[in-house]
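S.K.: give me a 3D structure for the following:
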Amino acid sequence: MKPEHKLEIDELETEIVGQITSMVGQTTDKVRAVRRHYSNKIARLPPELVINLAIRLVDSSDFLLRFVAYELVHYHRPALHSLNATILERLGRRLDSWSAVDIFASYLAGPAWREGQVPDKLIHRWGRSANRWLRRAALVSTVPLNNKARGGRGDVTRTLEICAALKNDRDDMVVKALSWALRELAKREPGSVRDFVKTHRQSLPARVLREVNHKLQTGRKSPSR
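M.R.: Next up, the predicted model:
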């Protein structure tokens, strides 16, 4: 990294850390307003510098900084399109909550997987991990494959391969993600999801059966209260 670039990234990191760490308890909208300010500041930076900045913020182990880091990369298109397996592994280090996992998988891992920037074997490896958060990340990474609002074009094969690999997992965080993955695919391919549920009925958790069947029948996750 050139000295002038290092100075610029150092200054940006200091500014962002100072502002974001003072915003504990603030609404997501207010945090996003700060993130948008910095997205504008880094808009013309090369993708490798944006990635470097994001890795520094993630390494701080602060959730809000991790949130901002992931959004900075997501909304910097050259940086998002530069993601590969090595960079994703760096950005996904020390995931420790469902919220951090879901932002990571929805904004970074899923889009990179969808666009062929990372191989299927990476997501499958996460699905076999002893780490519950990586197993959840594997499932949530299928959501951008299928969600139209997130650029999804639909991918039955890759989605159901991950779902089948984790159908016997009874960790609550994984079960909820499995339900989400199947419900998202059901919006596009209800017949494929219906067949999957029928085939694996004996293995799937009760929560998944209940929520996915209700989605298939009514278009909603759960009955109205």
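
S.K.: when you work out contacts or count neighbours from here on, use the C-alpha atoms and nothing else.
M.R.: Fine.

S.K.: tell me the domain ranges of the protein?
M.R.: 1-82, 97-225 (automatic domain parsing).

S.K.: so for the last one, what's the average pLDDT?
M.R.: Averaging pLDDT along domain 97-225 yields 96.

S.K.: same question for stretch 75-84.
M.R.: The model assigns stretch 75-84 a mean pLDDT of 98.

S.K.: circling back to that earlier point, out of the domains of the chain, which comes closest to residue 91?
M.R.: domain 1-82 (5.8 Å; Cα to Cα).

S.K.: picking that back up, just say which of the domains of the chain is most tucked in.
M.R.: The highest mean neighbour count among those, using mean count of other Cα atoms under 10 Å, belongs to domain 97-225: a mean of 19.

S.K.: still on that earlier bit, now the domains of the chain in TSV, with distance to residue 89?
M.R.: Listed next are the domains of the chain as TSV, based on distance: least, Cα to Cα, whole Å:
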stretch	distance to residue 89
domain 1-82	10
domain 97-225	9
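
S.K.: which one of these lies closest to residue 90?
M.R.: Shortest distance between residue 90 and those, using Cα to Cα, is found for domain 1-82: 6.9 Å.

S.K.: OK, contacts around residue 107?
M.R.: Taking Cα atoms under 8 Å, 6 or more residues apart in numbering, we find residue 107 in contact with 70, 71, 74.

S.K.: once you drop chain neighbours, what's closest to the first one?
M.R.: In this case it means residue 70. Distance criterion Cα to Cα, 6 or more residues apart in numbering; nearest residue to residue 70, sequence neighbours excluded, is residue 104 at 6.4 Å.

S.K.: can you list contacts of the helix or strand that neighbour falls within?
M.R.: In this assignment (DSSP states H and E), residue 104 forms part of helix 98-104. Helix 98-104 has contacts (Cα under 8 Å, 6+ apart) with 63, 66, 67, 70, 92, 95, 133, 134, 136, 137, 140, 173.

S.K.: could you redo the last one with a cut-off of 7 Å?
M.R.: 70, 92, 95, 133, 137, 140 (Cα atoms under 7 Å, 6 or more residues apart in numbering).

S.K.: how near is residue 202 to residue 208?
M.R.: From residue 202 over to residue 208 the distance is 12 Å, taken as Cα to Cα, to the nearest Å.

S.K.: could you do residue 71 as well?
M.R.: Distance, residue 71 to residue 208, by Cα to Cα: 30 Å.

S.K.: per-residue confidence averaged over the longest helix seen in the chain?
M.R.: Looking across the chain with DSSP state H, the single longest helix is helix 3-21. The average pLDDT within helix 3-21 is 88.
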